[in-house]
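K.L.:
Return atomic coordinates for the entry below.
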Amino acid sequence: MKLFSFIHTKRTPKQRERSLDSHETPKTIFVLGGGGGKGACQVGMLIALIEQGIRADEVIGVSVGALNGAVYASQPTLDGLRSLESLWSSLDKDTIMPKRKLGTTWRYAQRGESVYPGEGLRNLISSHLTLTDIQNTTIPLEVLAADYTTGEEVWFSAGTPRDVLYASAAIPGVFPPVRLNGRLLVDGGIVNDTPIDRAVLHGATHIYMLLCGTPFARLPDPQRPLEALVRSVTHTKTAHFRHQVHHVPKGISITVLDCPEAAGVEALDFSKKNLLLSAGHDRAIKILTGEVTVSFDPPSSETASYSTAEYILEDYVIKSKADRSRLRYASKVLSTKGIHHNKV
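P.N.:
Residues are numbered from 1 along each chain as shown. Got it, this is the predicted structure:
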């Protein structure tokens with residue numbers, strides 16, 4: 001019995017420059033990128049796609065996009081996605097990242113391969129996916145993990161969800177890596193967070209890219225070294241995404257579904273899940289109906305989106321020092337736009 005299917009491919013110049021034959025069978029591929037807690041917006045996007053009568057012929061997912069994509073590929077119906085929506089609505093961060101005695105900074109400074117154990121995430125996957133193998137989904141599914149030793153892309157089209165999906169979402173340092181078939185694997189987003197190129201390689205004629213954020217995110221200046229490091233990684237990923245979009249071969253169309261409300265949310269923050277579920281859906285409907293278009297130009301201070309920060313300041317209830325810290329962050333975001341609040 002084949003437990004895992006590892007797929008390694010190298011693109012030739014001819015493949016990269018591929019243009020479609022006029023008689024080629026149309027093929028729609030959904031690509032779901034990474035984003036941690038921001039992945040809630042993808043559920044709203046998937047619901048919007050179904051409401052607009054758009055169905056995937058294949059699903060490609062990475063990190064949280066692999067988890068959402070697996071549920072969609074298993075049950076590509078409105079009922080299936082309402083179930084996923086309910087899961088996100090009830091999701092508690094402590095379920096997958098249990099509270100620890102040490103503060104956040106000390107957790108990342110301690111010895112060990114990760115801050116949190118992986119059992120919480122594995123159990124979440126097992127309890128909400130009845131599949132025994134991802135090759136048995138209704139719609140073909142492929143998910144990406146990364147070889148932690150070599151940095152290679154490792155693709156799965158088969159394997160047990162508890163292992164394969166965990167590998168795709170195992171953020172280095174946050175969750176332990178997993179060893180499968182002799183490879184030490186972690187979150188695929190570290191090597192390709194928006195694998196549009198994979199969809200091209202699979203013969204897509206139209207690609208829907210479900211993005212946990214925006215092509216450009218205008219954020220306040222980092223105040224701590226760790227914030228600066230995270231910011232650098234974020235900009236690297238978005239630059240790679242824009243590069244892939246601009247180099248999609250002729251004859252292949254792509255629709256990018258973004259979520260400006262997710263731009264100011266941290267990947268490990270699950271407190272905005274309900275906001276993002278709604279925002280992802282509403283934004284996708286506007287894009288799919290042509291009411292708005294996704295901009296690939298850097299935002300100016302006049303055009304940047306501050307909806308997440310404004311939401312926090314308007315509705316946030318301070319219950320702890322952490323809440324106050326988040327509120328200060330939101331205030332800094334708005335201050336760059338010349339908006340000042342006295343709530344902090």
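
K.L.:
contacting residues around L124?
P.N.:
Counting by Cβ atoms under 8 Å, 6 or more residues apart in numbering, L124 touches T95, I96. To be clear about C-beta, it is placed using only N, CA and C from the backbone, and glycine gets the same treatment.

K.L.:
Backbone dihedrals for the nearest residue to A284 once chain neighbours are set aside, please?
P.N.:
Excluding its sequence neighbours, the residue lying closest to A284 (Cβ to Cβ, 6 or more residues apart in numbering) is A48, at 3.6 Å. Main-chain torsions, A48, degrees, to the nearest 10: phi -60, psi -40.

K.L.:
List the contacts of A48.
P.N.:
Shown in contact with A48 (Cβ under 8 Å, 6+ apart): L257, G280, H281, A284, I285, L288.

K.L.:
ok, 7 Å please
P.N.:
Applying Cβ atoms under 7 Å, 6 or more residues apart in numbering to A48 gives the contacts H281, A284, I285, L288.

K.L.:
swap in I207?
P.N.:
Contact analysis of I207 by Cβ under 7 Å, 6+ apart lists I29, V31, I196, A199, I252, I254.

K.L.:
need the helix or strand of the protein with the lowest average pLDDT.
P.N.:
helix 307-315 (a mean of 40; mean pLDDT, DSSP states H and E).

K.L.:
residues contacting H202?
P.N.:
Applying Cβ under 7 Å, 6+ apart, we find H202 in contact with I29, E58.

K.L.:
Next: R198.
P.N.:
With contact taken as Cβ under 7 Å, 6+ apart, R198 is in contact with I60.

K.L.:
So for it, what's the pLDDT?
P.N.:
On the pLDDT scale, R198 is placed at 97.

K.L.:
Over to I125?
P.N.:
92.

K.L.:
Alpha carbons only: can I get the helix or strand harbouring it in PDB?
P.N.:
Assigned by DSSP states H and E, I125 belongs to helix 119-128. What follows is helix 119-128, C-alpha atoms only, in PDB (Å, rounded to 0.1, in the frame of the first residue of the first chain):
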ATOM      1  CA  GLU A 119      -0.400  16.900  18.800                       C
ATOM      2  CA  GLY A 120      -3.000  19.700  19.000                       C
ATOM      3  CA  LEU A 121      -2.700  20.400  15.300                       C
ATOM      4  CA  ARG A 122      -2.600  16.700  14.400                       C
ATOM      5  CA  ASN A 123      -5.700  16.000  16.500                       C
ATOM      6  CA  LEU A 124      -7.500  18.900  14.900                       C
ATOM      7  CA  ILE A 125      -6.800  17.500  11.400                       C
ATOM      8  CA  SER A 126      -7.800  13.900  12.400                       C
ATOM      9  CA  SER A 127     -11.100  15.000  14.100                       C
ATOM     10  CA  HIS A 128     -12.300  17.100  11.100                       C
END
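
K.L.:
centre of the chain versus that helix, how much separation?
P.N.:
18 Å (Cα atoms, centre = their mean, to the nearest Å).

K.L.:
in it, what counts as buried?
P.N.:
G120, L121, R122, L124, I125 (16 or more other Cβ atoms under 10 Å).

K.L.:
which residues in the chain form strands?
P.N.:
Secondary structure of the chain (DSSP state E): strands located at 6-7, 28-32, 58-62, 141-147, 153-156, 178-180, 183-187, 206-210, 253-257.

K.L.:
outside of the fourth one, which residues touch it?
P.N.:
With Cβ under 7 Å, 6+ apart as the test, strand 141-147 has contacts from 59-62, 66, 69-70, 73, 134, 153-157, 164-165, 167-168, 183-188, 190-192, 195.

K.L.:
Same question for stretch 35-45.
P.N.:
Contacts with stretch 35-45, where a contact means Cβ under 7 Å, 6+ apart, come from 32, 64-65, 68, 81, 84-85, 88, 210, 212-213, 257, 259, 262, 265, 267-270, 273, 276-281, 284.

K.L.:
Where does the prediction get shaky in the stretch 101-250 of the chain?
P.N.:
101-112, 217-220, 226-227, 230 (pLDDT under 70).
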